[in-house]
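K.L.:
I'll drop the sequence and a predicted model, then ask my questions.
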Amino acid sequence: MRPGCSRLRRPGIPPSFPAAMLLLLLGAGAALFCLLDAWYLLRLPLAVLRARWLQPRQRDVLQEQSWPGLVLPSDLDWLLHMNNARYLREADLARCAHLARCGIFDALRALGGSLVLAASCARHRRPLRLFERFAVRTRLLGWDARAFYLEQRFVSPRQGFVCALLLCRLHVVGSSPGRLVQHLCRRQVDSPELPEEVQHWISYNEASSQKLRAESGLGINTKDE
């Protein structure tokens, strides 16, 4: 060091400041993953952005769309299969990407509405194993005055086997399915006839709702949220 020169140190900042910041960031990251479902919170907006910016717009709301998936170690249960909760999470990601790509999210924003998952039903046919690839194929089956009905299939590339099947009922809040589809197609569009098994599922949900209303002392005309 030349005479008359000395190393300056910022007042009030200890020499270990970089190490302390690193520990603080690591602690915040650990807290994020311990207290919140961080991977889901990261993957969901990325799935929507991918559908909006990296994939072509799907003009046909009834067209099936595919979302890729891979079974990771964090997805496994004690039997080394993808656990049941992961199916619902992957279906949620695929469903949001589907709705973003076909324009329903844009229509909701334009009309001041929102979507709520009101019911879902899962059927498991064959387990997905570690590092096995799959595709979630999502399609809109139809709608009624209150809700959209979607089918989601977990398909293995091996022989195209359907490993799991989900039915979803999405309630539209602040608007209606018919208005959303009309906004997208710029004309009134009637819903396709729902498959017979979906109609049975809707009847089951209505019967279950009536039973729960009766048990809680509510009138039969009270609607679910």
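P.N.:
Structure's in. What do you need?

K.L.:
in the protein, which spans are strands?
P.N.:
Under the criterion DSSP state E, the chain carries strands at the ranges 65-70, 114-124, 133-143, 147-155, 162-173.

K.L.:
save those strands as a markdown table, and put in mean pLDDT and distance to Leu79 too.
P.N.:
(Glycine included, C-beta is placed from N, CA and C.) Below are these laid out as a markdown table (pLDDT from 0 to 100; distance: least, Cβ to Cβ, whole Å):
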| stretch | mean pLDDT | distance to Leu79 |
| --- | --- | --- |
| strand 65-70 | 96 | 18 |
| strand 114-124 | 96 | 12 |
| strand 133-143 | 97 | 17 |
| strand 147-155 | 98 | 17 |
| strand 162-173 | 97 | 15 |
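
K.L.:
comparing the ones you listed, which comes out most buried?
P.N.:
strand 147-155 (a mean of 22; mean count of other Cβ atoms under 10 Å).

K.L.:
got the strands of the chain as a markdown table, with distance to Ala31 columns?
P.N.:
Shown next, in a markdown table, are these (distance: least, Cβ to Cβ, whole Å):
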| stretch | distance to Ala31 |
| --- | --- |
| strand 65-70 | 27 |
| strand 114-124 | 28 |
| strand 133-143 | 31 |
| strand 147-155 | 33 |
| strand 162-173 | 32 |
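
K.L.:
can you pull the contacts of the residue nearest the centre of the chain?
P.N.:
Nearest to the geometric centre of the chain sits Asp92, at 2.1 Å (Cα atoms, centre = their mean). Taking Cβ atoms under 8 Å, 6 or more residues apart in numbering, we find Asp92 in contact with Leu44.

K.L.:
can you tell me how far it is from Ala47?
P.N.:
Distance, Asp92 to Ala47, by Cβ to Cβ, to the nearest Å: 9 Å.

K.L.:
repeat for Leu117
P.N.:
16 Å.

K.L.:
Val155 now?
P.N.:
Val155 is 18 Å from Ala47, by Cβ to Cβ.

K.L.:
how about low-confidence regions in this structure?
P.N.:
1-17, 219-225 (pLDDT under 70).

K.L.:
got the residue ranges for the helices in it?
P.N.:
17-35, 38-49, 84-101, 104-111, 177-185, 196-215 (DSSP state H).

K.L.:
mind listing what's buried along the third one?
P.N.:
What that stands for is helix 84-101. Within helix 84-101, the residues that count as buried by 16 or more other Cβ atoms under 10 Å are 86-87, 89-101.

K.L.:
what's the answer for the shortest one, then?
P.N.:
By neighbour count on 16+ other Cβ under 10 Å, the buried set for helix 104-111 is Ile104, Phe105, Asp106, Ala107, Leu108, Leu111.
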